[in-house]
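3D, please:
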Amino acid sequence: MLAEYLPTLLFLIVAAGIGIALIVIGNLLGPKRPTPEKLSPYECGFPAFEDARMRFDVRYYLVAIIFIVFDLEIAFVFPWALVFRELGVFGLVEMGVFLSLLVIGFIYVWKKGALEWE
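Next comes the predicted model:
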């Protein structure tokens with residue numbers, strides 16, 4: 001029974017060997033000319049001006065959470081669209097309720113001003 005897994009094991013060993021060999025060869029033969037510009041952190045095309053552990057405004061996190069909510073909405077809408085004909089009217093009403101709740105939430109967030117930047 002273990003003989004059936006031999007090709008898979010050989011494939012994993014060869015793949016790991018090639019990966020390790022490429023890293024070692026790159027470290028041994030690659031150029032090593034560090035400069036201050038190469039060693040400096042790159043952030044959006046300009047030098048870092050503050051500590052990376054600085055505090056962010058809570059609105060940044062609110063927008064991130066809102067993005068995740070609407071991104072997860074697609075995770076529900078896409079499979080529903082694939083089986084739309086099989087679900088019939090019940091599936092249409094169910095998705096309508098789901099989308100209307102999301103729209104109501106979006107309007108609430110919009111009215112509260114969570115999407116506005118000062």
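
now for the host helix or strand of Tyr108, which elements pack on it?
If you go by DSSP states H and E, Tyr108 is part of helix 84-112. For helix 84-112, the contact count by 3 or more CB pairs under 8 Å, 6 or more residues apart in numbering; DSSP states H and E identifies helix 58-82 as packing neighbours. Placement of C-beta: from N, CA and C, glycine included.

okay, Gly26: pLDDT?
You'll see Gly26 listed with a pLDDT of 94.

my error: substitute Ile68 in the last question.
We have a pLDDT of 88 for Ile68.

count of neighbours near it?
Neighbours of Ile68 under the rule other CB atoms under 10 Å: 10.

where's it relative to Leu2, distance?
As judged by CB to CB, to the nearest Å, Ile68 and Leu2 stand 45 Å apart.

closest to the centroid, which residue in the chain?
Nearest to the mean C-alpha position of the chain, by CA atoms, centre = their mean, lies Ile68 at 9.9 Å.

what sits up against stretch 27-34?
Taking contacts as CB atoms under 8 Å, 6 or more residues apart in numbering, no residue outside stretch 27-34 touches it.
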